[in-house]
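Enquirer: Fold the following and give me the result.
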Amino acid sequence: MTSTEKKHLITICNNGPYLINGSTPLSQKTILYDRKGDSCEWQDDRTFPTKDSYALCRCGQSQDKPFCDGTHIKTNFNGTETAHHTDYNKNTVRLDGPTLSLIDAKDLCASARFCHRAGGIWNLILTSDKPGDKKIAIEEAADCPSGRLTLIDTITKKLIEPTFEPSIVVIEDPSIGVHGPLWVRGGIPIESTNGKRYKPQNRITLCRCGKSQNKPFCDSSHYPEEKQ
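Expert: The predicted model follows:
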């Protein structure tokens, strides 16, 4: 077991919140948009005081967001986990371009929409021999909080992945009027209610609206239906 696994841990409570242990840093970021309405950067909003442990809302009904206030008990929240512990991104496709290859795990999409800028990352991959297009494609993949989009350098065969210290980010998406998911970074272990751990990820998003059909992970269910 690595030092990260010993220190940081997210435990999912049965029909309850996420329990966070190990003095894991917690902050809040807001998605900002360009003139075309595409997501373009993250705005740092606040950093919460560091605590040895804390509980984050999973039902979406807390009046003390992002923290749990016990509302899940009053609403009889059904937080049954439906994601597979090792294969929760089954719907994966690969797109090969001249200098970059894209691994697209569609089931993990959290609708942060950074991938829409400049015509979309899929078009940029196909024109990645152009330095400007390659740069934007790398930026878009790195800004994807869910880990849906990952890149491989076609020359070196190495994964192009942002480096994160273990931390959790509360995502806010005011442009569409919603609270986004929890952005878990740096490979923090996530333990199921049955004691099993999900496959570790450098970046993954956890549902905090209570509506996901791929619990505990976000599946974009917080996204307004009329905007889909």
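Enquirer: For my notes, confirm Ile73 occurs in a strand.
Expert: No. Counting by DSSP: H, G, I helix; E, B strand; the rest coil, Ile73 is not found in a strand; it is helix.
Enquirer: residues contacting it?
Expert: With contact taken as CB atoms under 8 Å, 6 or more residues apart in numbering, Ile73 is in contact with Gly16. (C-beta placed from N, C-alpha, C; glycine too.)
Enquirer: same check, this time on the one 10 residues further on
Expert: When contacts are counted by CB under 8 Å, 6+ apart, Ala83 touches 198, 214-217.
Enquirer: I'd like to know which of these is nearest to Lys74.
Expert: Lys215 (19.6 Å; CB to CB).
Enquirer: thinking again about what came up before, can you redo the contacts of Ala83 as TSV with pLDDT and distance to Val184?
Expert: TSV is the format used below for these (pLDDT from 0 to 100; distance: CB to CB, whole Å):
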residue	pLDDT	distance to Val184
Tyr198	93	10
Asn214	93	15
Lys215	96	14
Pro216	96	10
Phe217	95	10
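Enquirer: What is the nearest of these to Lys29?
Expert: Phe217 (18.7 Å).
Enquirer: That closest one contacts Ile204, doesn't it?
Expert: Yes. Counting by CB atoms under 8 Å, Ile204 is a contact partner of Phe217 at 6.6 Å.
Enquirer: tell me, what's touching those two both at once?
Expert: The contact sets of Phe217 and Ile204 overlap at 108, 146 (CB under 8 Å, 6+ apart).
Enquirer: just checking, Ala141 is part of a strand?
Expert: No. Applying three-state DSSP, one finds Ala141 to be helix, outside a strand.
Enquirer: Let me know how buried it is, in neighbour terms.
Expert: 25 (other CB atoms under 10 Å).
Enquirer: about what we covered before: so which of the contacts of Ala83 comes closest to Ile121?
Expert: For these, the minimum distance to Ile121 (CB to CB) is 20.7 Å, reached by Phe217.
Enquirer: From Asp64, how far off is that closest one?
Expert: 23 Å (CB to CB, to the nearest Å).
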